[in-house]
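Enquirer: Quick one, structure for this:
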Amino acid sequence: MKKIVRMFISGVSIIALLAVMAVGLYNKNSAVSYKDESDKKGQVYLASLENKDVASIEQEIDSKKDALKQYDEADKKAVSAAKNSNIDFKSYYSNSVFMGDSITESIKEYKYLNDINVLAKKGQTLIQLEKSLNELYGIKPQKVFLLYGMNDVQLFKTCDEFKKKYYEVVKEVKKNIPKTQIYILSPLSVIDSKAVATDKAVNNKNLDQYRSAAVEVAKNEGVNYIDINKLTMGKDSMHEPDGIHFKYDFYKVMLNYIHDEMENNKK
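Expert: A predicted model of the protein is given here:
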C-alpha cells in the first residue's frame, strides 16, 4: 500500500503545489514571498499524504482541483464583468487624478480619461514627483490614485528605500491636500522572460516585494489599497510584446475594477 500511495503522491505533486500556491496568491494581505512560502506549504502537504490511504488522497486531490477551478471561474467572471461594463469613465473619474509612469500615462493616451486626470510620465518614479505633486495640489481632486513600482524597482537599490520614499510621498500628499482620498494601486506583474530584456531588476520576484511594501505603506498610513495586479496574473495576453506595458483593453478592465471596489466599499 505504501508503494501505491507514493505513486499517487508522485503523480499529483504538481497539482498539490499549484493548489497551495493558488490559495496564497489570492490572499490580499499575505506577505508577498509567494515562492518560498508555497514551497514550504507544499512540502508539508506532500508529507501529510504519506500517512493517508489512496481513497483519502484521491478525495483531497479532487477538492484541491475544485478549489482551483472556483478561483479561476471567479476571476474570469470579474474580468468579464469589467469588460462588459458601460461606465462613463471620464464622468466617473472627473474629480480624480491618476499618477504614475508610462503604464498610467496610457490611460490618457488611450483616451479613457482627460489629460487633467492623469499626471503621469514615462519613466517616472517616486523620486521624480515634485512637479507632478505641485500640479496635483493645484487641482485638489477628491481622489488620487498612485501607481508606482515598475520604474522604481530599477532605481532603488533596496525595497526598503522604495518603501521609505512611498511613506514620504503619502505623508506629503496628506499634508498638502488633506481632504483628498489617497488610493495606492498595487505594482503590476510582468512577463519575466520578456521584461528582463529591459532590465534584470524588472522581474516578478522583485515586484512581489514592492507590492508587499505598498500594502504596508497603505495600511500604516491609513489610506486605501486596491490590488489591481490580480487582473493580470496568468493573463499574459493583456501585455504588450515587451512584457511590461499593457494593451488597450486592460485599462477598461482596470478602471471598471477600481470603480467596483470603491462602490462596494460604500455599502
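Enquirer: where does the protein have low pLDDT?
Expert: 1-85, 267 (pLDDT under 70).
Enquirer: Okay, domains of it per the record?
Expert: 2-84, 89-266 (automatic domain parsing).
Enquirer: For stretch 108-121, buried residues please.
Expert: Burial within stretch 108-121, assessed by neighbour count using 16 or more other CB atoms under 10 Å, is assigned to 108, 112-113, 117-121. Heads up, the C-betas are built off the backbone N, CA and C, glycines and all.
Enquirer: My error: substitute stretch 233-249 in the last question.
Expert: Those buried within stretch 233-249 under the rule 16+ other CB under 10 Å are 238-239, 243-246.
Enquirer: Strands - which of those residues land there?
Expert: Among the buried residues of stretch 233-249, no member falls in strands (DSSP state E).
Enquirer: The helix or strand where D260 lies - contacts with which helices or strands?
Expert: Using DSSP states H and E, D260 sits in helix 248-266. Applying 3 or more CB pairs under 8 Å, 6 or more residues apart in numbering; DSSP states H and E, one finds that helix 248-266 makes contact with helix 54-84, helix 102-109, strand 224-226.
Enquirer: Kindly recompute the last result at 7 Å.
Expert: helix 54-84 (3 or more CB pairs under 7 Å, 6 or more residues apart in numbering; DSSP states H and E).
Enquirer: So which elements touch the helix or strand containing L136?
Expert: Using DSSP H and E, L136 sits in helix 130-139. Counting contacts by 3+ CB pairs under 7 Å, 6+ apart, helix 130-139 packs against strand 96-100, strand 118-120.
Enquirer: quick one: which of those is nearest N220?
Expert: strand 96-100 (19.9 Å; CB to CB).
Enquirer: which secondary structure elements does the closest one contact?
Expert: strand 118-120, helix 130-139, strand 143-147.
Enquirer: Mind listing the strands the first one pairs with, and their directions?
Expert: For strand 118-120, the paired strands and their directions (DSSP bridges) read strand 96-100 (parallel).
Enquirer: Can you show me the helices along the stretch 151-267 of the chain?
Expert: All helices of the stretch 151-267 of the chain, identified by DSSP state H, counting those that start in this stretch, fall at 152-155, 159-176, 192-195, 204-221, 248-266.
Enquirer: Just the buried positions in the longest one, please.
Expert: It stands for helix 248-266. 250-260, 262.
Enquirer: do the same with the first one
Expert: Neighbour counts using 16+ other CB under 10 Å place 152-153, 155 of helix 152-155 among the buried residues.
Enquirer: Give the buried residues for stretch 93-104.
Expert: In stretch 93-104, counting by 16+ other CB under 10 Å, buried: 93, 96-104.
Enquirer: out of those residues, who's nearest L136?
Expert: V97 (5.9 Å).
Enquirer: Please name the nearest non-neighbouring residue to that closest one.
Expert: P141 (4.5 Å; CB to CB, 6 or more residues apart in numbering).
Enquirer: Check the contact between Y210 and M150; I expect there is one.
Expert: No: using CB atoms under 7 Å, Y210 is not in contact with M150; the gap is 8.7 Å.
Enquirer: which residues are in contact with both of those two?
Expert: The contact sets of Y210 and M150 overlap at P187 (CB atoms under 7 Å, 6 or more residues apart in numbering).
Enquirer: Show me which of these two is the more surrounded one.
Expert: M150 (27 against 22; other CB atoms under 10 Å).
Enquirer: Report the contact partners of that one.
Expert: 101, 103, 187-188, 202, 244.
Enquirer: Surely it forms part of a strand?
Expert: No: going by DSSP: H, G, I helix; E, B strand; the rest coil, the assignment for M150 is coil, not a strand.
Enquirer: Quick check: phi and psi on it?
Expert: phi -70, psi -50 (degrees, to the nearest 10).
Enquirer: With P178 as the reference, measure out to it.
Expert: Shown here: M150 relative to P178, a distance of 29 Å by CB to CB, to the nearest Å.
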